[in-house]
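**Q** Structure for this input, please:
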Amino acid sequence: MMRKGLAGQRLVAVFIAGLLLLNYPLLSLFDRPLSVFGLPLLHVYLFGVWLGLVMVVAWIVERGAR
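**A** Residues are numbered from 1 along each chain as shown. So this is what the prediction gives:
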């Protein structure tokens, strides 16, 4: 039972981190006319953060299922 509560707290922390990482002040840092492998820097940042958040959530959920 305690594990389920801890997983819930971690998911809330990931949600808050996602809000902060995908909010205006940080997004404006990556809105530059630069390219990474031919892709705009802002797009690389957005998809990188999104992929990271999905991976962390999957790790928390799978770890809690054991």
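**Q** Who are the packing partners of whichever helix or strand Ala13 is part of?
**A** Under the criterion of DSSP states H and E, Ala13 resides in helix 2-21. When contacts are defined as 3 or more CB pairs under 8 Å, 6 or more residues apart in numbering; DSSP states H and E, helix 2-21 sits against helix 41-65. Yep, even glycine has a C-beta here, placed from its N, CA and C like the rest.
**Q** average pLDDT across the helix it packs on?
**A** Computed over helix 41-65, the mean pLDDT rounds to 95.
**Q** what sits up against it?
**A** 3-4, 6-7, 10-11, 14, 17-18, 21-22, 27, 30-32, 34-37 (CB atoms under 8 Å, 6 or more residues apart in numbering).
**Q** Restrict the residues you listed to the buried ones and give me that as a PyMOL selection.
**A** A single PyMOL command selects the buried members of these (16 or more other CB atoms under 10 Å):
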select buried, resi 10+14+18+21+30
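**Q** follow-up on the earlier one: can I get the helix holding Ala13 in PDB, CA atoms only?
**A** Provided in PDB are the C-alpha atoms of helix 2-21 (Å, rounded to 0.1, in the frame of the first residue of the first chain):
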ATOM      1  CA  MET A   2       2.800   2.400   0.800                       C
ATOM      2  CA  ARG A   3       4.400   1.700  -2.600                       C
ATOM      3  CA  LYS A   4       1.200   2.900  -4.400                       C
ATOM      4  CA  GLY A   5       1.200   6.200  -2.500                       C
ATOM      5  CA  LEU A   6       4.900   6.700  -3.300                       C
ATOM      6  CA  ALA A   7       4.200   6.000  -7.000                       C
ATOM      7  CA  GLY A   8       1.400   8.500  -6.900                       C
ATOM      8  CA  GLN A   9       3.700  11.200  -5.400                       C
ATOM      9  CA  ARG A  10       6.300  10.500  -8.000                       C
ATOM     10  CA  LEU A  11       3.700  10.900 -10.800                       C
ATOM     11  CA  VAL A  12       2.600  14.200  -9.300                       C
ATOM     12  CA  ALA A  13       6.200  15.300  -9.200                       C
ATOM     13  CA  VAL A  14       6.700  14.400 -12.900                       C
ATOM     14  CA  PHE A  15       3.500  16.300 -13.800                       C
ATOM     15  CA  ILE A  16       4.800  19.400 -12.000                       C
ATOM     16  CA  ALA A  17       8.200  19.000 -13.700                       C
ATOM     17  CA  GLY A  18       6.400  18.700 -17.000                       C
ATOM     18  CA  LEU A  19       4.500  21.900 -16.300                       C
ATOM     19  CA  LEU A  20       7.700  23.800 -15.600                       C
ATOM     20  CA  LEU A  21       9.700  22.300 -18.500                       C
END
